[in-house]
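Undergrad: structure for this input, please:
(chains A, B, C and D)
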4 protein chains.
Amino acid sequence: MNSPTLAVHTEDALARFMRIRRQTLALTNGLAPEDLQVQSMPDASPSKWHLAHTTWFFEQFVLGNDPSYRSPNPAWYYLFNSYYESVGPMHARPQRGLLSRPTVDEIRDYRARIDEAVGELISHGIDDELASRIELGLHHEQQHQELLLTDLKHAFWCNPLRPAYRDVVMGASASPSTPMRFVAGREGAVDIGYQGKHFAYDNETPRHRTWLSPHTIANRPVTNSEYLAFVRDGGYREAGLWLSDGWATVQREGWQRPLYWQDDLSSEFTLMGIRELEPNALVCHLSYFEADAFARWAGARLPTEAEWEDAAAGLNATGNFLESHRFHPVAASHGDGLQQMYGDVWEWTASPYVSYPGFKTLPGALGEYNGKFMNGQWVLRGGSCATPNDHIRVSYRNFFPPHARWQFAGIRLGHDR
Amino acid sequence: MNSPTLAVHTEDALARFMRIRRQTLALTNGLAPEDLQVQSMPDASPSKWHLAHTTWFFEQFVLGNDPSYRSPNPAWYYLFNSYYESVGPMHARPQRGLLSRPTVDEIRDYRARIDEAVGELISHGIDDELASRIELGLHHEQQHQELLLTDLKHAFWCNPLRPAYRDVVMGASASPSTPMRFVAGREGAVDIGYQGKHFAYDNETPRHRTWLSPHTIANRPVTNSEYLAFVRDGGYREAGLWLSDGWATVQREGWQRPLYWQDDLSSEFTLMGIRELEPNALVCHLSYFEADAFARWAGARLPTEAEWEDAAAGLNATGNFLESHRFHPVAASHGDGLQQMYGDVWEWTASPYVSYPGFKTLPGALGEYNGKFMNGQWVLRGGSCATPNDHIRVSYRNFFPPHARWQFAGIRLGHDR
Amino acid sequence: MNSPTLAVHTEDALARFMRIRRQTLALTNGLAPEDLQVQSMPDASPSKWHLAHTTWFFEQFVLGNDPSYRSPNPAWYYLFNSYYESVGPMHARPQRGLLSRPTVDEIRDYRARIDEAVGELISHGIDDELASRIELGLHHEQQHQELLLTDLKHAFWCNPLRPAYRDVVMGASASPSTPMRFVAGREGAVDIGYQGKHFAYDNETPRHRTWLSPHTIANRPVTNSEYLAFVRDGGYREAGLWLSDGWATVQREGWQRPLYWQDDLSSEFTLMGIRELEPNALVCHLSYFEADAFARWAGARLPTEAEWEDAAAGLNATGNFLESHRFHPVAASHGDGLQQMYGDVWEWTASPYVSYPGFKTLPGALGEYNGKFMNGQWVLRGGSCATPNDHIRVSYRNFFPPHARWQFAGIRLGHDR
Amino acid sequence: MNSPTLAVHTEDALARFMRIRRQTLALTNGLAPEDLQVQSMPDASPSKWHLAHTTWFFEQFVLGNDPSYRSPNPAWYYLFNSYYESVGPMHARPQRGLLSRPTVDEIRDYRARIDEAVGELISHGIDDELASRIELGLHHEQQHQELLLTDLKHAFWCNPLRPAYRDVVMGASASPSTPMRFVAGREGAVDIGYQGKHFAYDNETPRHRTWLSPHTIANRPVTNSEYLAFVRDGGYREAGLWLSDGWATVQREGWQRPLYWQDDLSSEFTLMGIRELEPNALVCHLSYFEADAFARWAGARLPTEAEWEDAAAGLNATGNFLESHRFHPVAASHGDGLQQMYGDVWEWTASPYVSYPGFKTLPGALGEYNGKFMNGQWVLRGGSCATPNDHIRVSYRNFFPPHARWQFAGIRLGHDR
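TA: Next comes the predicted model:
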């Protein structure tokens, strides 16, 4: 979550605000209050907390921008702040699941009240500063939509009953997937990063020049059947394929397959419960360590983020996003050119998450942490089946630590040329 | 939880069964499903789990006693077993709070179904074996009534909003409490332990002879104001007052006062929310380490369990129990003789929890763990404000590890003579 | 380590002092400075530290008894204090192995200097107070002689080269061992504990009356072949045989056999290196958890310490002690009556380590910790092959936590009658 | 440790081998065997282990290159392998300090024997393969010379006696240090990485093109007095200055100043014992987190490794290296241009340690780990006062995790322009 550079939308501002806020709430339809309460690991948060925290963001940074604003629940500021140290102390992250109060009903009320107040503000007309804060809040909200789903999936997976979140049945892919081919990328000085008049996070800026060495990039991501070959070939038992930290993790955690695969290697846990493993579907829920080891096993490497961005530069950001309501990657698609650069699975890159040359941290709480996570994480690109469609763009930089597996993250290969 | 030696009640068996089962459910009145979901530490369980586990006990050991019985939810056996290794594998204790399914509503249905089935069984007449299993199940249920309250109290205390479970206002004690006096106990060979025709846990048997050395026992437990003097005297900073393990715990955990006291030393968290500290009320939520250190500071010691039982032998088991709905210890009462031996606070004794001479483990799952907790724990006597009145008796042996503080546990002093 | 009640010896005081001090040093003959430096776990100490700490004891409590005494190395007080909180702060126990300075040579010098000073003191005549402090220091020294050996054994075992400390070859026992028989003990009121004019630790006092229930005690401890039957019968895989904490330890630590047995179940690591497992020799290096589980498997139980002491009351304290220089238990011996009550292996009892009725802590630093370890430990009786012969007596109470395995601890069985 | 690309030296091969091997041994002059035994943390190794492991390297990869070679101590292979998984299993790193055997004397013998055998090999003439393995072994040896010193420093620091390794007295700097100035670097496409005929690690290759954005670089590293201003300004208490992981580390570890500074902020622990803090000397023993936070506080940033390498390209690799026997950074020197790019302190860069474009892992055990540490670490440049002079070069890439503080690591600042 970072600060906007600018925000312009053709959609009516109020309609857009209400649409995105409602979309979050709709994700919790059909869930019991208990489902929204559970926190299955320190890295995850209860769904309820996501509902409250995204609302707190608007209360703190939009309503609270007016110094005369008085919150009816100032104690909630402490509970629902996440990592804005400059805004005040915060509740310990691993203990979010202990907060039975406020209840889900109280948090839905909270959302309604804040939505009404922000909606009224928008209706009366807002200046650029407030518009940009609302825009930032909406992008922040969309990030939490994805996290709400991946956190919930993890919580359900921890339950031996393996409950299903939705009952969508994905159509099986009758035909085999497109063969993997490697496409030559550009070489030499190229520009990457965001420059323009719409919204982008500050970590996407400034647009700057970088140098691409000779390389290729795969026309599509890796499928389940391809990853299965790695598993069956003993990939998880061959130290030489892994980074040192990765091998230590494999040993310590007993990893033998992707996070949600069953040990029969022919079914997996999905948001639709246990399903048969679709051979042609894109493999997901891999850590960076696994993506990197697979690439080494395949005699390839991961693309850098600059290679990815330059390759994706001309493509439309369409694909299997949250709005498809599939909640799972689909099979590799047919066609020429680069397939599924967007949607389905986040693609791990070979690039550590660091700042771009000339990067500037914005002043104040909104910009507080710009860059503060720039240590020990790797960049992912392209969005997933849990990402809202209008949240993604070619310059978008997602990042996670190398052991993280609970996101819809997969692999696209590349080569030195 | 142990096996019964016998069970006879004047109350109609069905009425008794229904009364106790309903009492558990009534404890959750007014709570939100989210409240029942929370597990605040590995030693505690969600209220929901207590509701389900006590029901599982009847399904497993009463209904399941009939080999033709088929559970509609066999998967729940895994979830709601606690530590009966011989009955099968069980869900990891620290992860009980992750189970959003079955929901609270489903568990209430489960209770209703099992209650109906067991009720029908009772109505049709049951043999001694089944009667004794039901009796055991009811005592088991009562133990979990107390734990449900103490676990919930801990969960609410973890919430910075410090919610109140109930709104009972305890009357302040205008008059000072009875001065502490030390009463001489009997000396020589005495018999302790249960012998009779009613229910008792096996750890209370067999009744056996032991030897009491010359000693006295205090006429009443220690009050908040007396314990406050210890705190103010630097008791928590004086290594020489503590057991070695206790001092290590004080340092590691940063203990400076009883678990739920606020740092102003004049208020405390209760099941009625934050309340003023009542000087004459019995101090509670102490560990064995604190009870022992306080006794050393006071130039006294804790009584042994044999001293306690012999002293309590002629007294009526009346006092401030669960049924008073006070949910907190009251002030030290007036009167001659031993006061408040029963109710208010469990009293830590100087006796490690070990088996009585001649103790026998019963065969089968019901008896599996008899004695399996006999390591590293200390005996407590007399019941608390969260104990059901008809659950306690003079020979009742409760036990907890020396660092446990979340029970209503306090101090009665004694002396060598 | 506790305070003496009295000390009278026929041996000349100076000769006795020098003999015991030299015995400690002699234990390190043939070892390299590096061997004396190693600390293999927090519970163990480097041999070097034992040499220094026992010397510190004399400097602190004997020489330092004279207020005009000035230590040439006051900084060493901090390094070589162990757990005398009232004497001052101390170096963290788990970090003792990090102290390369003072070197072994410097510590030998230190010993020589202090021995000379104490010897001179003794030569010039000492009062009762000083005599009793020296006596305490010598018993303290003897405790550390045993620990030096068991700590060193553990350190050597951590080395994949499995070095031998000594080359003694134990004679194999050609003949089978005496069959195990159970001998009836006394019943009713008996007196145990130390009373007399010689040295005893305060935890052995006061002599007091206790009550023995009907019971028997085995004529000899358990042998390797008997314990092997337990291992082969799946004892380490049967939850029902274990205390709950014991089972958790077995699972967590992966215990499958006694600490120093090799996985072939026919050889073991000893202070003489890897040796064939002698079937008739007494099994050793067991935790309380294992002793207790074995007893349950055998349909027996461990004796209480009162049963042990009453049974041993008339026997001579002779056996396989440190002075035999065997450094390992021998085979079960023949003969009528109770065999090997003393020496070979410490015998775990069913008694938690608590104070005797009327126990009094002595004032001052020497008495500081009397009783401060009385939590979570179990009493062992009789001494081992690493105990100096004149250190043991019938009332001697050793104690260790239930998971400790690095001592020469074994099993004698008993029964309720 | 990586594979050589080539190795040519004017020095006679045998003389060079003997010189470097002797240099290692000379570092242990004056140390007691106990000093060489200690391992103060899992990241460090005993000096003794460094002596043995570097010798093992020659035995394994040079002598062992001859298939007929038989080691006299094959068990030592297990003990002294470090992280060459493909060569076989290895002794757990955190337990290196537990190995009292082989003793220091035995390891010195081992060194002598292997040196003789390798020397003989060299004398008889060796092919390119063996020459390159020896060259690699010598660079490996030099890396361990530096680690031997930094590990020993840490071990001595853990000893409250704070022993001195050497007695060198560093001359105080009478004159103030050169003011810090920022020098413009080149902009645009530049080439970095090693290309040539001498030795370099594979992570320095291939030489490749990269793009430098507009920037400056400081003329000298940061001094103690400059860093002290940051400490005094509350730098360690201001969350906003730190990376998120860095702030968590500061809180968890209680960092308040550089690793070896005393809390008086005017003295520090050095290899010469406790010394007064020299204001003009370069600050050292900083983590990446501290270097990064200091830079943010100073309104600057760290240089990238490409910026550093391009700036250093024309300079001579001279400075305060191991051979100066100062064992500590000196004061900032006077003069125009970039000062102290080499020696004194390793300089943290803003570059995560990743492979260069076109990087290739070499086949076999020697190349096994090439790149396997490329996760979560940051590049340091320029060598330190503990680095052998002929070990460093402009393309040399050192790397450590961001929390590591026990190396002689400091700060050079830079700016975007």
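
Undergrad: wouldn't A:Pro160 be in contact with B:Tyr77 here?
TA: No. In this structure, A:Pro160 is not within contact of B:Tyr77 by C-beta atoms under 8 Å, at 10.8 Å. From N, CA and C alone the C-beta is placed, and that goes for glycine too.

Undergrad: in the stretch 251-400 of chain A, what residue is nearest chain B?
TA: A:Gly273 (11.6 Å; C-beta to the nearest C-beta).

Undergrad: for that residue, what are its contacts?
TA: Applying C-beta atoms under 8 Å, 6 or more residues apart in numbering or on different chains, we find A:Gly273 in contact with A:162-164.

Undergrad: now swap in A:Gly337 and tell me
TA: Counting by C-beta under 8 Å, 6+ apart, A:Gly337 has contacts A:183, A:219.

Undergrad: what helix or strand is it located in?
TA: Under DSSP states H and E, no helix or strand contains A:Gly337.

Undergrad: name the nearest residue to the residue in the stretch 1-150 of chain A that chain D sits nearest to, ignoring sequence neighbours.
TA: Taking C-beta to the nearest C-beta as the measure, the point where the stretch 1-150 of chain A comes nearest chain D is A:Glu85, at 4.2 Å. The shortest distance from A:Glu85 to any non-neighbouring residue, by C-beta to C-beta, 6 or more residues apart in numbering or on different chains, is to D:Ala239 (4.2 Å).

Undergrad: relative to A:Gln377, how far out is the one you found?
TA: Remark: distance between D:Ala239 and A:Gln377 (C-beta to C-beta, to the nearest Å) = 19 Å.

Undergrad: how about A:Asn398?
TA: Using C-beta to C-beta, A:Asn398 is found at 10 Å from A:Gln377.

Undergrad: next one: A:Arg237
TA: According to C-beta to C-beta, A:Arg237 stands 27 Å off from A:Gln377.

Undergrad: higher neighbour count, those two?
TA: More neighbours surround A:Gln377 than the other of A:Arg237 and A:Gln377, with 20 against 10 (other C-beta atoms under 10 Å in any protein chain shown).

Undergrad: how about the contacts made by that one?
TA: Counting by C-beta under 8 Å, 6+ apart, A:Gln377 makes contact with A:352-353, A:399-402.

Undergrad: 10 Å instead, please
TA: By C-beta atoms under 10 Å, 6 or more residues apart in numbering or on different chains, the contact set of A:Gln377 is A:288, A:352-354, A:398-402, A:404, D:245, D:352, D:376.

Undergrad: same check, this time on A:Val394
TA: A:192-194, A:204, A:308-315, A:317, A:341-342, A:381-382.

Undergrad: SS state for it?
TA: Counting by DSSP: H, G, I helix; E, B strand; the rest coil, the backbone at A:Val394 sits in coil.

Undergrad: what residues are up against the closest residue to it other than its chain neighbours?
TA: Using C-beta to C-beta, 6+ apart and skipping the chain neighbours, the partner closest in space to A:Val394 is A:Ala312 (5.1 Å). For A:Ala312, the contacting residues are A:217, A:338, A:341-342, A:347, A:381-382, A:393-395, by C-beta under 10 Å, 6+ apart.

Undergrad: that concludes my questions; thank you for your assistance.
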